[in-house]
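Novice: Requesting a structural model of the entry that follows:
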Amino acid sequence: MQITEQGTQLLARMVERVQSQTWPQHTLYVVATPIGNLGDFSLRGWQCLTICDVIAAEDTRSTRPLLDAWGVQTPLIAAHRHNEAQAAEQIVARLTQGERVALVSDAGAPAVSDPGGRIVRAVRAAGFQVVAIPGASAVITALMGSGVTSDENPAFVFAGFLPHKSMARKKWLQGWAQTPAPVVMFESPHRIQAAIKDMAELFPDRQITFARELTKRFEQVHTCELTQAVEWLEQDSYRQQGEFVLILHAAAQTEASQSLDAVTEQWLLALLEQVSARDAVKVAVKATGLPRDVIYDWVLAHKN
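Specialist: You can find the predicted model right below:
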């Protein structure tokens, strides 16, 4: 892609603005990195890795290509789940000396279903500042591409990686499935079939969304009934490759549970004579516990 002279000038101005921001010393910067596409790295994240004295990485070999692509020459140290306590001590010592330390994971947000939480807690407990630099997220990307939430019903649950063993996985799934919201989880390619078979056995009346290879060349987002999910996977061997974000859709509510009873309809009509439709919806949601979109649709149909 050819960048025009105007585009080059705009980019230069943006870089200058980012560089002019305040970057306090004695600070741990928790930096989100791309989940696949190197172009998703933010200018602020890039600048942060550039100005820091050292980068604590979950896997220095995985982080090196990102640094090379963006021309970052900051030295690396290891900070993974097996040395997290030791790394936390080392990072606190560096902060004491006035250094800026960046913390990154292999992809996405450190300390969110990735190592780093223990380091963040140790730094905060030692009295130093922690600044999060947001960026790409597999969870949010999958939700954006699937459309399973809405402004009326924005709730979702992130459950992390599924257990490896079938019995433990089924028990784990049954616990999370009680939540009346979509459940977002991670799974690896070599366990995807077994996990989907367990889900289909437990929740034959639900839908599942596959979000694989997000932000990469062969990205795919597909929603289907769980009863059809195993067949869909087996139709093409490529569908079983890559890292997966799975979204178990919430159980469909029965028509009765989504309806307003006669008494509720009466007082809601009376309420609409005194307050705005928006305020009436707020009161009704709080009073009945029914989904906001159900009450909102009813109010739209009856407010006049």
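Novice: Could the C-alpha coordinates of stretch 163-176 be exported in PDB?
Specialist: Provided in PDB are the C-alpha atoms of stretch 163-176 (Å, rounded to 0.1, in the frame of the first residue of the first chain):
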ATOM      1  CA  PRO A 163     -10.300 -27.900  31.300                       C
ATOM      2  CA  HIS A 164      -8.400 -30.600  29.400                       C
ATOM      3  CA  LYS A 165     -10.200 -33.700  30.700                       C
ATOM      4  CA  SER A 166     -13.800 -34.500  29.600                       C
ATOM      5  CA  MET A 167     -15.300 -35.100  33.000                       C
ATOM      6  CA  ALA A 168     -13.800 -31.900  34.500                       C
ATOM      7  CA  ARG A 169     -14.700 -30.000  31.300                       C
ATOM      8  CA  LYS A 170     -18.400 -31.000  31.500                       C
ATOM      9  CA  LYS A 171     -18.600 -30.000  35.200                       C
ATOM     10  CA  TRP A 172     -17.000 -26.700  34.400                       C
ATOM     11  CA  LEU A 173     -19.300 -26.000  31.500                       C
ATOM     12  CA  GLN A 174     -22.400 -26.800  33.500                       C
ATOM     13  CA  GLY A 175     -21.300 -24.300  36.100                       C
ATOM     14  CA  TRP A 176     -20.700 -21.500  33.600                       C
END
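Novice: so how far is it off the chain centroid?
Specialist: 21 Å (CA atoms, centre = their mean, to the nearest Å).
Novice: now do stretch 78-97
Specialist: Computed by CA atoms, centre = their mean, the chain-centroid distance of stretch 78-97 equals 25 Å.
Novice: What residues of that stretch count as buried?
Specialist: Ala78, Ala79, His80, Glu84, Ala87, Ala88, Gln90, Ile91, Val92, Arg94, Leu95 (16 or more other CB atoms under 10 Å). Bear in mind the C-beta positions are built from the backbone N, C-alpha and C, glycine included.
Novice: Stretch 244-254 too?
Specialist: Neighbour-count burial for stretch 244-254 [16+ other CB under 10 Å]: Phe244, Val245, Leu246, Ile247, Leu248, His249, Ala250.
Novice: Looking at the residues you listed, which one is closest to Val15?
Specialist: Proximity of the buried residues of stretch 244-254 to Val15 (CB to CB) peaks at Val245, which lies at 31.9 Å.
Novice: right, and the secondary structure at that closest one would be what?
Specialist: strand (DSSP: H, G, I helix; E, B strand; the rest coil).
Novice: give me the number of residues near Thr50?
Specialist: Look at Thr50: counted by other CB atoms under 10 Å, it has 17 neighbours.
Novice: Cheers, nothing more for now.
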